[in-house]
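Asks: Generate coordinates for the sequence data below:
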Amino acid sequence: MKLKIAIVVHGRFHAFDLTRELINQGHDVTLFTNYPKKIVEKFGIPQKSVKTFLLHGFLTRIIYKLHGVVGTPNFEAFLHSAFSQWAARILNKSEYDIVHVFSGVAEEIFQALSAKDVLKTLVRGSAHILTQSQLLSEEEQRAGVSVDRPSNWMIAREKREYQLTDIVLVLSTFAKESFIHQNISPDKLKILPLGAQLEKFRPVEQVIEERCQRILWQKPLNVLMVGTFSYRKGAIDFLKIAELVSTSFQFKFVGTVTIEARDLAKKNIENIEFIPKQSQFKLSRFYAWADIFIFTTIEDGYAMVLAQAQAAGLPILTTTNCSGSDIIIEGKTGWVLPIRSPESFVERLKWCDEHRQELGQMVQRVYQEFQPRDWADVAADFVSIHTDLLKQKLG
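Replies: Have a look, this model is predicted:
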């Protein structure tokens, strides 16, 4: 069944990879974005399949840069509404089977399409926005500094979008449960786990052999975290873990250090080596360096780095508040631990240090039994979910 699909995203996120694979699988897809067509084309999407609001993209980048550097207003109400209104005007003149929109820019679109016979679906890349806001508010109090979290305007907007959509797609069991906790019916929720171009992170067997040798030689274990160093990602806990076991482990963090957490990072450089954000082509060598991957996040919808770490053959220690419970086999390929519990991470790291033989076996198990999930799988699941919904709608 060939579907006519509109995917609407105010940026990139995972929309470009999903669009490319849906097109490759024979569907008629139009991508609405604020990226230049020439850049979108580099992701394997033909320019004829793209509608772009270039002025919006330019203004967004300028405004957000000024906001981050000198604290000017971020004009989120104007930017999100303007993008949604632009897409709504075009979509209202066209016919699609499915209009799939990223949260935050869906309200005007869904309102404009309310009288049309079209399946309206929303993707939320994080937990329910109220859950996200509560977790980050707690982290703000814990840190004693201002933490970037959803505004009251955005919270109200997204709550309206949850009501206007036919279905909400979330990326993990944790995210789904957060919606149920906020009184969204399970019938209105579907999980669509993401994928990755995991061949970039799959090491040759020699890398695994060298890792196992390092582990058995009783050298300090190499612990890696990749992503964004922020309070949302559990910066406080990551630093505490490194402080408590720095004599027995070597820690590296690869990624962006946010402005809000910059001072925190500077005070702890003696325990952690901070490396700037790397391209995906360069990340694999850091995964090869590591023996263990940890991810101390307070709130995440999916966390792509966990899939990358598994592809790299690394045992994982992460929290309950991401996709960890969906992809980790407890005690076999890693551990899922409570948020804000650095002591739990330390306990597991000490176990790894004291059980080198078992840790080496875990590395082999992760590497040999890993089941890759690429973007073609994501697109196929997207089609399956939406085909079933269309049948129910017509039903």
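Asks: domain ranges for this structure?
Replies: As given by automatic domain parsing, the domain ranges for the chain are 4-195+375-394, 199-369.
Asks: Report how far apart the opening and closing residues of the longest one are.
Replies: Read it as domain 4-195+375-394. Using Cα to Cα, to the nearest Å, the end-to-end distance of domain 4-195+375-394 comes to 16 Å.
Asks: Please apply the same query to the last one.
Replies: Between the opening and closing residues of domain 199-369 we find a distance of 15 Å, counting by Cα to Cα.
Asks: Run the chain-centre distance for it.
Replies: Counting by Cα atoms, centre = their mean, to the nearest Å, domain 199-369 is centred 16 Å from the centre of its parent chain.
Asks: Let me have the domains of the chain in JSON lines, adding mean pLDDT as columns.
Replies: Formatted as JSON lines, these follow (pLDDT from 0 to 100):
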{"stretch": "domain 4-195+375-394", "mean pLDDT": "95"}
{"stretch": "domain 199-369", "mean pLDDT": "95"}
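Asks: a strand runs through residue 178, doesn't it?
Replies: No: membership of residue 178 in a strand is not supported by DSSP: H, G, I helix; E, B strand; the rest coil, which gives helix.
Asks: I figured it hits residue 133, correct?
Replies: No: when contacts are counted by Cβ atoms under 8 Å, residue 178 is not listed as touching residue 133 (11.0 Å). Yep, even glycine has a C-beta here, placed from its N, CA and C like the rest.
Asks: More neighbours: these two, which one.
Replies: More neighbours surround residue 178 than the other of residue 178 and residue 133, with 25 against 18 (other Cβ atoms under 10 Å).
Asks: List the contacts of the more buried one.
Replies: By Cβ atoms under 8 Å, 6 or more residues apart in numbering, the contact set of residue 178 is 127-128, 131-132.
Asks: Show me the two of the residues you listed that sit farthest apart.
Replies: Spatially, the most separated pair among the contacts of residue 178 is 128 and 132, at 6.8 Å (Cβ to Cβ).
Asks: residues touching residue 43, list them.
Replies: 16-17, 20.
Asks: So it versus residue 103, what's the distance?
Replies: With distances taken as Cβ to Cβ, to the nearest Å, residue 43 is found 21 Å from residue 103.
Asks: Next: residue 275.
Replies: Taking Cβ to Cβ, one finds residue 275 at 32 Å from residue 103.
Asks: Residue 263 now?
Replies: Distance from residue 263 to residue 103, counting by Cβ to Cβ: 31 Å.
Asks: Between the two, which has more neighbouring residues?
Replies: Between residue 263 and residue 103, residue 103 has the larger neighbour count (other Cβ under 10 Å), namely 22 against 11.
Asks: nearest residue to the more buried one other than its sequence neighbours?
Replies: residue 124 (4.6 Å; Cβ to Cβ, 6 or more residues apart in numbering).
Asks: number of nearby residues for that neighbour?
Replies: Using other Cβ under 10 Å, residue 124 is surrounded by 26 other residues.
Asks: How about the one 3 residues further on?
Replies: Using other Cβ under 10 Å, residue 127 is surrounded by 27 other residues.
Asks: Hmm, residue 176 and it touching each other?
Replies: No: assessed by Cβ under 8 Å, residue 127 is found out of contact with residue 176, at 9.2 Å.
Asks: how about the strands in the stretch 201-350 of the chain?
Replies: For the stretch 201-350 of the chain, the strands defined by DSSP state E, counting those that start in this stretch occupy 221-229, 249-257, 272-275, 292-295, 316-319, 334-337.
Asks: JSON lines please, covering those strands and showing mean neighbour count and distance to residue 24.
Replies: Shown next, in JSON lines, are those (neighbours: other Cβ atoms under 10 Å; distance: least, Cβ to Cβ, whole Å):
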{"stretch": "strand 221-229", "mean neighbour count": "23", "distance to residue 24": "28"}
{"stretch": "strand 249-257", "mean neighbour count": "20", "distance to residue 24": "30"}
{"stretch": "strand 272-275", "mean neighbour count": "15", "distance to residue 24": "34"}
{"stretch": "strand 292-295", "mean neighbour count": "26", "distance to residue 24": "30"}
{"stretch": "strand 316-319", "mean neighbour count": "26", "distance to residue 24": "30"}
{"stretch": "strand 334-337", "mean neighbour count": "22", "distance to residue 24": "32"}
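Asks: possible to save the ones you listed as CSV with distance to residue 67?
Replies: As requested, those are exported to CSV (distance: least, Cβ to Cβ, whole Å):
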stretch, distance to residue 67
strand 221-229, 17
strand 249-257, 16
strand 272-275, 24
strand 292-295, 27
strand 316-319, 29
strand 334-337, 34
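Asks: For residue 97, see how far away the nearest residue to residue 302 once chain neighbours are set aside is.
Replies: Excluding its sequence neighbours, the residue lying closest to residue 302 (Cβ to Cβ, 6+ apart) is residue 171, at 3.8 Å. Residue 171 sits 23 Å away from residue 97 when distances are taken as Cβ to Cβ.
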